[in-house]
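Engineer: Next come a sequence and a model predicted from it.
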Amino acid sequence: MRAGERNGLTDVEGLRVGHAAVSGPGARSGTTVVLAPPGGAVAGVDVRGAAPGTRETDLLDPVATVQRVHAVTLSGGSAFGLDAASGVMARLERDGEGFPVPGAVVPIVPAAVVFDLGRGGDARVRPTADTGAAAYDDAHAGPVVQGSVGAGTGAVSGGLRGGVGSASAVLTEGSAAGTTVAALVVLNSAGAAADPATGAVYGARHGLPGEFTVGVAPALAPPERLAELYAGHVNPLGTATTLVVVGTDAALDKVGCTRLATMAHDGLARSISPVHTIRDGDCAFALATGTRAVPDAAGVFALQAAAAEVTARAVAHALLAAEAAPGRPSYSSLVEGR
């Protein structure tokens, strides 16, 4: 496989990504929106964490009626942050996007949240419907902005600053040749995304040639500092979560999308240690735009394998793109300070 042009989720034609941050004293939170193409995308979900905060995930069960979603909202603010999806719904309704009902449309907007309350000092400052609307307005098909932005604004991973990361792959063999699969991750994990024993970034091991120059030898953060930060990163229950949106241009049904979301969790397991714990609410969504043909069994196998790989790479990009904040170093700041 090779990376897509932007090495991000927007390499899947039709998908757009936007971010918005909460502003003001005590704020360190925000919202990220993934918009589907006009008419929506087929979707699936797999929730593995023990402390999830979600909305509309039951609707993505393959036996449920609705087949397509119009956006996915990822937000900070813990359960309060689910309000951000209402702002996205309002924008979609304004633009005529939604599930048709008599005299109206009902936008389908699954959502999931990360815990970041008080990361900027005031736990009462968190995303609202207005934040979701602002992320919608920011959505575009250009390169995905990564790092301490959107839903990753207040993210923390294993004691380091977390954030948003993205990666993509274009398959090059078999019936799936030319098919794109990509992931966007909000990294806010109880576990570590970098090995406290060696300093290596777990997900960078899955990088394509030349993709990572930091997080691999010799540009490693000091292991002793990583171990110290990780040892002090003791979350109360339910105060961590990593979120994923995997997208592809392959034509998949809801069952296929659900399996693709499951494979994204394999990518988390390769890039975060430990993951899916009692402290996490890890959730993965999958979107299929269906602009390419249905792959055969070998092509589906390759697509699923690539979903795990792009998720692991996206986690690494999230960790490496994060910026240090007062009282919270980033991986890159530790490398620079060696």
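Structural biologist: Sure thing, it's come through. Since the structure is predicted, the reported quantities are computational estimates derived from the model, not experimental observations.

Engineer: Next, count neighbours for Pro143.
Structural biologist: Number of residues near Pro143 (other CB atoms under 10 Å) recorded here: 15. (Each C-beta comes from the backbone N, C-alpha and C, glycine too.)

Engineer: What separation is there between it and Gly215?
Structural biologist: Note on Pro143: its distance to Gly215, by CB to CB, to the nearest Å, is 20 Å.

Engineer: Next up, the contacts around Ala306.
Structural biologist: 1, 169, 171, 181 (CB atoms under 8 Å, 6 or more residues apart in numbering).

Engineer: which residues touch the first one?
Structural biologist: Residues counted as contacts of Met1 (CB under 8 Å, 6+ apart) are 169-172, 208, 306, 309.

Engineer: Pull out the buried members of the residues you listed.
Structural biologist: The neighbour-count test (16 or more other CB atoms under 10 Å) applied to the contacts of Met1 identifies 169-171, 306, 309 as buried.

Engineer: Restricted to helices, list those residues.
Structural biologist: Counted as lying in helices by DSSP state H, out of those, are 306, 309.

Engineer: Could you dump the buried ones among the contacts of Met1 into JSON lines with distance to Thr10 added?
Structural biologist: Listed next are the buried ones among the contacts of Met1 as JSON lines, based on distance: CB to CB, whole Å:
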{"residue": "Ala169", "distance to Thr10": "14"}
{"residue": "Val170", "distance to Thr10": "13"}
{"residue": "Leu171", "distance to Thr10": "18"}
{"residue": "Ala306", "distance to Thr10": "17"}
{"residue": "Glu309", "distance to Thr10": "18"}
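
Engineer: Quick check: the two most widely separated of the buried ones among the contacts of Met1?
Structural biologist: Val170 and Glu309 (12.1 Å; CB to CB).

Engineer: Where strands are concerned, which of the contacts of Ala306 count?
Structural biologist: Among the contacts of Ala306, the ones falling in strands (DSSP state E) are 169, 181.

Engineer: out of the contacts of Ala306, who's nearest Gly53?
Structural biologist: Val181 (26.2 Å).

Engineer: Surely the closest one is in contact with Leu252?
Structural biologist: No: Val181 is not in contact with Leu252 according to CB atoms under 8 Å; the separation is 10.5 Å.

Engineer: Now do the shared contacts for the two.
Structural biologist: What both Val181 and Leu252 touch, as defined by CB under 8 Å, 6+ apart, is the set Leu260.

Engineer: Which one of the two is surrounded by more residues?
Structural biologist: Val181 (35 against 25).

Engineer: residues contacting that one?
Structural biologist: Val181 is in contact with 12, 168-169, 171, 246-248, 250, 260, 303, 306-307, 310, counting by CB under 8 Å, 6+ apart.

Engineer: From those, keep the buried residues only.
Structural biologist: Buried subset of the contacts of Val181 (neighbour count, 16+ other CB under 10 Å): 12, 168-169, 171, 246-248, 250, 260, 303, 306-307, 310.

Engineer: if we can go back for a sec, just send the contacts of Ala306 back as a markdown table, with pLDDT and distance to His233 too.
Structural biologist: Conversion of the contacts of Ala306 to a markdown table gives the following (pLDDT from 0 to 100; distance: CB to CB, whole Å):
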| residue | pLDDT | distance to His233 |
| --- | --- | --- |
| Met1 | 88 | 33 |
| Ala169 | 98 | 31 |
| Leu171 | 95 | 37 |
| Val181 | 98 | 31 |
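
Engineer: just to confirm, which helix or strand has the spatially closest residue to Tyr136 that is not a sequence neighbour in it?
Structural biologist: Nearest non-adjacent residue to Tyr136, counting by CB to CB, 6 or more residues apart in numbering: Arg91, 4.3 Å away. Arg91 is part of helix 84-94 when elements are defined by DSSP states H and E.

Engineer: same check, this time on Val45
Structural biologist: Here Val45 is assigned to strand 41-47, by DSSP H and E.

Engineer: contact partners of that strand?
Structural biologist: 14-15, 54, 57, 60, 62, 67-69, 72, 110, 247, 252-262, 264-265, 281-290.

Engineer: and if we set it to 7 Å?
Structural biologist: 54, 57, 60, 67-69, 110, 252-254, 257-258, 260-262, 265, 283-290 (CB atoms under 7 Å, 6 or more residues apart in numbering).

Engineer: For those, which ChimeraX command selects only the ones that are buried?
Structural biologist: Burial among the contacts of strand 41-47 is assessed by 16+ other CB under 10 Å; the matching ChimeraX selection reads:
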select :54,57,60,67,68,69,110,252,254,257,258,260,261,262,265,283,284,285,286,287,288,289,290
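
Engineer: Low-confidence regions, the stretch 201-338 of the chain specifically.
Structural biologist: Regions of the stretch 201-338 of the chain meeting the criterion pLDDT under 70 cover residues 235, 338.

Engineer: Would you map the helices across it?
Structural biologist: Under the criterion DSSP state H, counting those that start in this stretch, helices of the stretch 201-338 of the chain are mapped to 223-231, 254-271, 297-321, 331-336.

Engineer: Return the set of buried residues in the last one.
Structural biologist: Using 16+ other CB under 10 Å as the test for burial, helix 331-336 gives 331-335.

Engineer: what about the closest residue to Ala36 other than its chain neighbours, distance to Leu92?
Structural biologist: Nearest non-adjacent residue to Ala36, counting by CB to CB, 6+ apart: His70, 5.4 Å away. Separation of His70 from Leu92 (CB to CB) stands at 5 Å.
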